[in-house]
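Enquirer: Quick one, what's the 3D model for this:
(2 chains)
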Amino acid sequence: DAGITQSPRHKVTETGTPVTLRCHQTENHRYMYWYRQDPGHGLRLIHYSYGVKDTDKGEVSDGYSVSRSKTEDFLLTLESATSSQTSVYFCAISERGDLKNIQYFGAGTRLSVL
Amino acid sequence: AQKITQTQPGMFVQEKEAVTLDCTYDTSDPSYGLFWYKQPSSGEMIFLIYQGSYDQQNATEGRYSLNFQKARKSANLVISASQLGDSAMYFCAMREADNDMRFGAGTRLTVKP
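Expert: Model (predicted):
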C-alpha cells in the first residue's frame, strides 16, 4: 500500500469555522492532489501540487486553499466551512505528471459541516 | 462538460461469471490515458488498470482487462471469474495532456453467491 495518511479521518464542524485537513506521504512523490467525492459526481479535483510551494487550482477550488511546505505534507484548508462542503475528501499522490499519471489514494476524510 | 460517462449505475453478476462495466469518454486530444479504480465499501480508492491512447494492446492485470475501442471512445472494464470481494463501486477516469484527471460517476457492482 502507498504510504499515505490522511488526518483526521472524520470531522464534524460548524458553518463558518476554519478546517484544515492533512495529507502525509512517505513515498517522496512529487505530485499530490486533493479531491472531493459526492454522490453522482465521482471524484472532483480541488487543488493539486507539483512540488514544494507549487500548487494549482482544480475543477472545484472555490472556498478551498492549500499549502505544501514539505514534500511529504499537503494541507487543505476550508477558510470558512459551509454546508455545501460536507463531503468525503481524498488525498492522492503520483510519481509522474504525464499521461500515465497513476494516482494512489489515501483512506479519505469524512467531513460534516452543520 | 462531462467527459466520462458510466451509464450503468448498478450491475449484478453471479459469482465466477465475467462482467463488463461500461465507460465512454469524450476528447479531441489524440493523447490521453484511461484508468479504472475500485472503491470497496470500506471507502479506499484502489487503482486497477491503465490504458494509454497509443497502446496497441488492450491492457490486462490479472482478472482485469480493458476492452479499448478507440474509434468508439469506449474503455470498458472486464472482470473475469467474479468473486464476492469484487463487490464495490468502480470508477473510470481519463487524463488528457495538460489537463486534470476526470472521473465518471461510477458503477456499483454486486456479486451474487
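Enquirer: Give the bridge partners for the residue nearest the centre of chain A, please.
Expert: The centre of chain A sits closest to A:W34, judged by Cα atoms, centre = their mean, with a distance of 2.5 Å. Residues in a beta bridge with A:W34, per DSSP bridges, are A:H47, A:C91.
Enquirer: so how far is chain B from it?
Expert: A:W34 sits 12 Å away from chain B, going by Cβ to the nearest Cβ, to the nearest Å. All C-beta spots, glycine's among them, are computed from the backbone N, C-alpha and C.
Enquirer: So that residue sits against A:Y48, correct?
Expert: Yes. The criterion here is Cβ atoms under 8 Å, and A:W34 meets it with A:Y48 at 7.2 Å.
Enquirer: got any residues that touch both of the two?
Expert: Residues touching both A:W34 and A:Y48 (Cβ atoms under 8 Å, 6 or more residues apart in numbering or on different chains) are A:G58.
Enquirer: and stretch A:3-10, C-alpha only, in PDB?
Expert: This file holds the C-alpha atoms of stretch A:3-10, laid out as PDB (Å, rounded to 0.1, in the frame of the first residue of the first chain):
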ATOM      1  CA  GLY A   3       2.200   5.300   2.300                       C
ATOM      2  CA  ILE A   4      -0.500   8.000   2.500                       C
ATOM      3  CA  THR A   5      -2.100   9.100   5.800                       C
ATOM      4  CA  GLN A   6      -5.000  11.500   6.000                       C
ATOM      5  CA  SER A   7      -6.000  13.200   9.200                       C
ATOM      6  CA  PRO A   8      -8.400  13.500  10.700                       C
ATOM      7  CA  ARG A   9     -10.400  10.600   9.300                       C
ATOM      8  CA  HIS A  10     -13.700  12.000  10.500                       C
END
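Enquirer: buried set for that stretch?
Expert: Buried residues in stretch A:3-10, counted by 16 or more other Cβ atoms under 10 Å in any protein chain shown: A:I4, A:Q6.
Enquirer: How far does that stretch sit from its chain's centre?
Expert: 10 Å (Cα atoms, centre = their mean, to the nearest Å).
Enquirer: Name the surrounding residues that touch that stretch.
Expert: For stretch A:3-10, contacts defined as Cβ under 8 Å, 6+ apart pick out A:21-27, A:89-93, A:104-111.
Enquirer: redo that, cut-off 7 Å
Expert: A:21-27, A:91, A:93, A:104-110 (Cβ atoms under 7 Å, 6 or more residues apart in numbering or on different chains).
Enquirer: before we move on, what about stretch B:47-61?
Expert: Residues contacting stretch B:47-61 (Cβ under 7 Å, 6+ apart): A:99-100, A:102, A:104, B:30-38, B:64-68, B:70, B:75.
Enquirer: Tell me the buried residues within the residues you listed.
Expert: Of the contacts of stretch B:47-61, these count as buried by 16+ other Cβ under 10 Å: A:99, A:102, A:104, B:32-38, B:64-68, B:75.
Enquirer: Which pair of the residues you listed spans the longest distance?
Expert: Greatest spatial distance among those (Cβ to Cβ): A:Y104 and B:N67, at 24.5 Å.
Enquirer: Tell me how far the lowest-mean-pLDDT helix or strand in chain B lies from the chain's centre.
Expert: Ranking every helix and strand in chain B by mean pLDDT, DSSP states H and E puts strand B:101-103 at the bottom, with a mean of 92. Distance, stretch centre to chain centre, for strand B:101-103: 12 Å (Cα atoms, centre = their mean).
Enquirer: what's in contact with it?
Expert: A:G42, A:L43, A:L45, A:N101, A:Q103, B:K3, B:I4, B:F91, B:A93, B:M94, B:R95.
Enquirer: I appreciate the help and will end here.
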